[in-house]
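J.: just need the structure, nothing else, for what follows:
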Amino acid sequence: MPITPTYPGVYIEEIPSGVRTIAGVATSLAAFLDFFPRGPLNSAVQLFSYADFEREFGGLDIRSEASYAIQQFFLNGGTEAFAIRVASGSFATASVIISAGGDQIFRATAGRRLRGVSVNNPGAWANGLRLEVDYDTSTPDEYFNLIVTETAQQDGRTVVRQTETFRNLTMRPNVANNAIEVVNEGSRLVQLDRASLVPASVPDPFVTSFRPDATGTLGGTAPAVATLPSDNDELAIALNPGGGAPVVNLTTRIRYGGASPADYAAVRSYVEAAIRAADVNQPLLTGAAVQFSNNRFRVLLGRGGANFQPDATITLTDGVTGTPATDLALTVATGATVRVQQIAFTTAGADGDRPDATALRGARAAKTGLYALEDVDLFNILCIPRAAELSATDMRAVYAEAESYCLERRAFLIVDIPATVNELDEMQTWLSQNDSLRHQNAAVYFPRPRIADPLNQNRLRSVGASGTMAGLYAHSDSARGVWKAPAGTEARLRNVQELDDVLTDRENGALNPLGVNCLRTFPVYGNVCWGARTLDGADALASDWKYIPVRRLALFLEESLYRGTKWVVFEPNDEPLWAQIRLNIGAFMQRLFRQGAFQGQTPREAYFVKCDKETTTQADINLGIVNIVVGFAPLKPAEFVIIRIQQMAGQIPT
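T.: Now for the predicted structure:
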């Protein structure tokens, strides 16, 4: 700020340079909209790799065209994307209430934290979630541990996909390690809440013992004086598989096979071995585990088999007298078994149906469907492969709204064609029926690529070209710049085994003037992109935005200058401001010129920046307007290479 001298001496004042560097925005952030088997609904999730997509949305799914498109995007050079899960029909979120002695403690719902808010994660995937509680904590009378496990059935067995462990939790509010705060912030599988519980069943949160029941058969406190079982002592096991199944009564023996253990902790492994050996045909027993902590035994039934039953219980008694095995404290004081081994989300989770046009379009006010991108600061490429599977009317409605939104957000739409369009005449017919979709911010490709489908023994599957081309755009932008057409012999289509149709040069020549970009198969080069026109690029239209690189460069300039000139707002509207504007925008354009973004051998031939009293009149100044005019000479792709050859007949070439 200006200095007002008040005392004799030396004053130092820092003067701003007036240079505000304009940074170019990203050009290849892709957004994909479709059905996925898991993930938050109507929320844009950022992905930096295909592994991120597998973690967040479950990976490839035969019902999801976009799952294959996202895989193709990353395989072809894409580095960053957003995925939005939408669904129609009866999708539902799995949940379960965790209780203690009949009191409801909290509800656990499949979901995660996204942008600071708990969001649901609907789908049948969550029916394999299990919650487990134990009291192996620093203060067993108040604190508890919570283990959340995602399981799935694979080859006839239950396999664990991922596990989350939260230790030393408490239900006391407004204290450190509050269970709801800790789990909701750290879990990617479940979110906890108490608001949805029945008030009459909710205990006072300030009661010290306010915590969920431990899962598994929990024994009472071991006797102070050790009364360990002797070698070869019998244990009677009453296994109740649950679900109304008859109780299985078995007898087993505790065998030390050597010196007797000295304390209860040492007995643990022998009791576990005895239970596992009781009946090899009972997976609940053969996979059972016995723990000893806080001076208590805890029995967990086996959960690795496909027929695991979460409501199964086990009771152990003395094999001779039939009384509770008090020497092991394997039953509570009343002699009753505590509760089930696991709590599973066994109901409510449902995937719903693949999205219809309404779900894809969504609503701007609710930020659903397409408008979930309202929460995304910037995206450049939009892909909606599901739209190509809809009826012709619904497809046009979805793509028309997407084009309008892309124009508003300065993004580019890649339109997919239906799988039934795989011949030249069919593509010409499709184009004539969809002339209403011609737009400077959109492009279409023919024919569709065919890729190996890992979900179908690597048989070839026809997929929309949008994911592959979005990745190719990203690769070309990174290697050459957004002003380079994503086409030519360098534009090879990775992971594309073949195309739905092999075009000839003449067939290519019939589609190119109509604004259709052809995918071609050439010897040596393989499958490549051989077109760079927008849907507004038909010869008959004579559009300024005929070519994809020209249009995408313009969108890049618009977005970069829009973000890079916000500092101008509310500045004094006079020549010093105009000079700063010319300086900053000129420096940005000069940097692009040196990178080869424009035509011309000199900056004067390549671009201009005008902001002065000619562009901004006194009337504009009175209205608070400053006008900036930026012009550029775009590079247009060499679409046709013409070589003239003639024989020399003695003449001297000129």
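J.: on the pLDDT front, check the closest residue to residue 231 other than its chain neighbours for me.
T.: Of all residues not flanking residue 231 in the chain, residue 256 sits nearest, at 4.5 Å (C-beta to C-beta, 6 or more residues apart in numbering). Every C-beta, even on glycine, is put in place using the N, C-alpha and C of the backbone. In the prediction, the pLDDT value recorded for residue 256 is 87.
J.: could you count how many residues lie near residue 256?
T.: Other residues lying near residue 256 total 17 when counted by other C-beta atoms under 10 Å.
J.: now swap in the one 10 residues further on and tell me
T.: Per other C-beta under 10 Å, the neighbour tally for residue 266 reads 14.
J.: just the CA coordinates of the host helix or strand of it, formatted as CSV?
T.: Following DSSP states H and E, one finds residue 266 within helix 264-276. Below are the C-alpha coordinates for helix 264-276, written out as CSV (Å, rounded to 0.1, in the frame of the first residue of the first chain):
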residue,chain,number,x,y,z
TYR,A,264,-6.3,-69.7,30.0
ALA,A,265,-4.5,-67.8,27.2
ALA,A,266,-2.5,-71.0,26.5
VAL,A,267,-5.6,-73.1,26.5
ARG,A,268,-7.1,-71.0,23.6
SER,A,269,-5.4,-72.9,20.7
TYR,A,270,-6.4,-76.3,22.1
VAL,A,271,-10.1,-75.3,22.5
GLU,A,272,-10.0,-73.9,18.9
ALA,A,273,-8.5,-77.2,17.6
ALA,A,274,-11.2,-79.2,19.5
ILE,A,275,-14.0,-77.2,17.9
ARG,A,276,-12.6,-77.4,14.4
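J.: flag every buried residue along that helix.
T.: 264, 267-268, 270-276 (16 or more other C-beta atoms under 10 Å).
J.: rewinding a little: you'd agree the residue nearest to residue 231 is up against residue 270?
T.: Yes. Residue 256 sits in contact with residue 270 when judged by C-beta atoms under 8 Å, with a separation of 6.0 Å.
J.: save the buried residues of helix 264-276 as TSV, and put in distance to residue 317 and pLDDT too.
T.: Listed next are the buried residues of helix 264-276 as TSV, based on distance: C-beta to C-beta, whole Å; pLDDT from 0 to 100:
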residue	distance to residue 317	pLDDT
264	18	83
267	17	86
268	18	87
270	17	89
271	13	88
272	17	90
273	18	91
274	13	90
275	13	90
276	18	90
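J.: what's the closest of those to residue 17?
T.: Residue 17 has its nearest neighbour among those in residue 268, at 72.9 Å by C-beta to C-beta.
J.: is the closest one in contact with residue 291, as I believe?
T.: Yes. Between residue 268 and residue 291 there is a contact under C-beta under 8 Å: 7.1 Å.
J.: any shared contact partners between these two?
T.: Jointly contacting residue 268 and residue 291 under the rule C-beta atoms under 8 Å, 6 or more residues apart in numbering are residue 297.
J.: now the strands for the stretch 101-250 of the chain?
T.: Taking DSSP state E, counting those that start in this stretch to define them, one finds strands in the stretch 101-250 of the chain at 103-114, 117-120, 129-134, 144-154, 157-169, 190-193, 217-218, 233-240, 248-254.
J.: residues of the fourth one that come out buried?
T.: Of the residues in strand 144-154, those with enough neighbours to count as buried (16+ other C-beta under 10 Å) are 144-151.
J.: what's the most buried one of the strands of the stretch 101-250 of the chain?
T.: Mean neighbours per residue, mean count of other C-beta atoms under 10 Å, is largest over the strands of the stretch 101-250 of the chain for strand 217-218, with a mean of 24.
J.: who's in contact with residue 513?
T.: If you count contacts by C-beta under 8 Å, 6+ apart, then residue 513 has 538-540 around it.
J.: secondary structure of it: a strand, I assume?
T.: No. Per DSSP: H, G, I helix; E, B strand; the rest coil, residue 513 lies outside any strand segment and is helix.
J.: measure it to residue 444 for me?
T.: From residue 513 across to residue 444, the span is 14 Å (C-beta to C-beta, to the nearest Å).
J.: quick one, helices of this structure?
T.: With DSSP state H as the criterion, the chain has helices at 50-57, 65-75, 179-186, 264-276, 283-286, 357-361, 392-409, 424-433, 466-479, 505-511, 548-564, 575-594, 603-606, 618-622.
J.: can I get these in a markdown table with distance to residue 12?
T.: Output for the helices of the chain, formatted as a markdown table (distance: least, C-beta to C-beta, whole Å):
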| stretch | distance to residue 12 |
| --- | --- |
| helix 50-57 | 50 |
| helix 65-75 | 53 |
| helix 179-186 | 47 |
| helix 264-276 | 73 |
| helix 283-286 | 80 |
| helix 357-361 | 60 |
| helix 392-409 | 46 |
| helix 424-433 | 68 |
| helix 466-479 | 45 |
| helix 505-511 | 68 |
| helix 548-564 | 30 |
| helix 575-594 | 23 |
| helix 603-606 | 37 |
| helix 618-622 | 35 |
